[in-house]
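Novice: Any chance you can model this:
(one chain, ligands or ions: 2)
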Amino acid sequence: MSILVTGGAGYIGSHTCVELIHAGHDVVVLDNFSNSSLAAVDRTRALAGEDFSLYRCDIRDREGLRNIFQKESIDAVIHFAGLKSVGQSCSMPLEYYENNIGGSVTLFQVMAEFGCKKMVFSSSATVYGQANQAPFSEDMPVGGTTNPYGTTKLFIEKILQDAYAADKDWSVSLLRYFNPVGAHKSGRIGEDPNDIPNNLMPYVSQVAIGRLPYLNVYGDDYPTPDGTGVRDYIHVVDLALGHISAVERVLKQTGLEIFNLGTGKGHSVLEMVRAFEAASGVNVPYQITARRPGDVAVSFADCEKAAAVLGWKAERGLAEMCEDTWRWQKNNPDGYEAAGE
Ligand code: NAD
Ligand code: UD1
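Specialist: Numbers count the residues shown, from 1 in each chain. Ligands and ions are numbered 1, 2, ... in the order given. Modelled structure (predicted):
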């Protein structure tokens, strides 16, 4: 009984593998390393205290996928593999559609071919678009995504819904993540952006370590208490644990369910800066700039469904998110690259 983790070398995938193994599951990792490194897999193995099979494979490679399903006994798939840069998706939309949607369809087809129809999928709060008002709940209408990346998440959700409508043997959990931040307590695995970070917390921590001079705060004229954008930041280990609950549920039943994974609490950009300064003891200079196109003012989750159905709740607070981000950043100022592993 193994769980195939696509994109298992990445930020959320690596943390999820550690927790899967600690929960007693066997893991097989597939990654094409387009946005990750072998060092992350080695460290994940060390933290998990167990070895696992690793395949350098692309989800668009049908034969490569078949080879994995032939060699391994896969009971369920947690599907993280995908490209995730909003800005890049606007400049190379076709690559995003091919990689994320094309790759996912190939993966689902190969799964069905091997009779494995249990899927936990990484979706995003971005599918709630701009028309809904927070707190976002799973029964709200989705759509109105503002970039091709977000649209790939919307389409893949729809594809899985159609697959389930046609074949009730599928068991699918669509997980809509809010804003994952933080790192493993050990400081050994964490988020390692390739380029200048797009997301707030990696940017803040790179300012704190001195790699970037200051933070640009995208707008202070939103209808929020301090005028800056409000988001639902969730510790990556809490998020990883949400996957354990979801995969254990899909293993037991068939059906298609959607869950928000967040904390249910919103924090502004300036609150995050202050929390990070308190956790690190380092000053984070910033300047206010124009709003970023496509941003919503306020995004946070209604988490009741995940609590009621999955029995899962995020437990780590803001201080822990910031402390763990800072430990990872301090111990690995240049990410995995400098590790020489
Ligand atoms: P990540 O880039 O760290 O991990 C994704 C992994 O997938 C990488 O290791 C990459 O090399 C691999 N990959 C990409 N394309 C592939 C392909 N064609 N074949 C095989 N491997 C491939 O990103 P992450 O932050 O860990 O995100 C994981 C998933 O969660 C993604 O699908 C992302 O869109 C989704 N998500 C992330 C966030 C976030 O803020 N991090 C929020 C919502 C949803
Ligand atoms: C962004 C993406 C979303 C994606 C998510 C996770 C956009 C419009 N949305 O969400 O599709 O699912 O990342 O990858 O890009 N901020 C700053 N300065 C910065 C960076 C961010 O002020 O340098 C602010 C933003 O305006 C926002 C908050 O910080 O108010 C969080 O931003 P970010 O971490 O990029 O996440 P989202 O905007 O929620």
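Novice: CA atoms for contacts and neighbours, from now on please.
Specialist: Fine.
Novice: what sits against the residue nearest to residue 84 when sequence neighbours are not counted?
Specialist: Closest residue to residue 84 apart from its sequence neighbours, by C-alpha to C-alpha, 6 or more residues apart in numbering: residue 149 at 6.4 Å. Counting by C-alpha atoms under 8 Å, 6 or more residues apart in numbering, residue 149 makes contact with 83-86, 89-90, 93, 96.
Novice: now do residue 50
Specialist: Going by C-alpha under 8 Å, 6+ apart, residue 50 touches residue 21.
Novice: For the residue nearest to residue 84, what is the enclosing helix or strand?
Specialist: helix 148-166 (DSSP states H and E).
Novice: Direction included, what does the next helix-or-strand element following that helix pair up with?
Specialist: Using DSSP H and E, the helix or strand that follows helix 148-166 towards the C-terminus is strand 171-177. Sheet pairing of strand 171-177 (DSSP bridges) gives strand 118-124 (parallel), strand 255-261 (parallel).
Novice: Of all these, which one comes closest to residue 192?
Specialist: Between residue 192 and the strands paired with strand 171-177, the tightest spacing by C-alpha to C-alpha is seen for strand 118-124, at 18.5 Å.
Novice: quick revisit: generate a ChimeraX selection restricted to the buried subset of the contacts of residue 149.
Specialist: The ChimeraX selection below is limited to those of the contacts of residue 149 classed as buried (16 or more other C-alpha atoms under 10 Å):
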select :83,84,85,86,89,93,96
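Novice: For ligand 2, tell me which of the contacts of residue 149 show up nearby.
Specialist: The subset of the contacts of residue 149 within reach of ligand 2, by C-alpha under 6 Å from any ligand atom, is residue 86.
Novice: What parts of the stretch 151-300 of the chain come near ligand 2?
Specialist: Within the stretch 151-300 of the chain, the positions adjacent to ligand 2 are 179, 198-200, 203, 215-218, 229-231, 269, 292, 294-295 by C-alpha under 6 Å from any ligand atom.
Novice: Put the buried members of these into a PyMOL selection.
Specialist: PyMOL command restricting those to the buried ones, with burial defined by 16+ other C-alpha under 10 Å:
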select buried, resi 179+200+203+215+216+217+218+229+230+231+269
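Novice: By mean pLDDT, point me to the weakest helix or strand of this protein.
Specialist: helix 86-91 (a mean of 94; mean pLDDT, DSSP states H and E).
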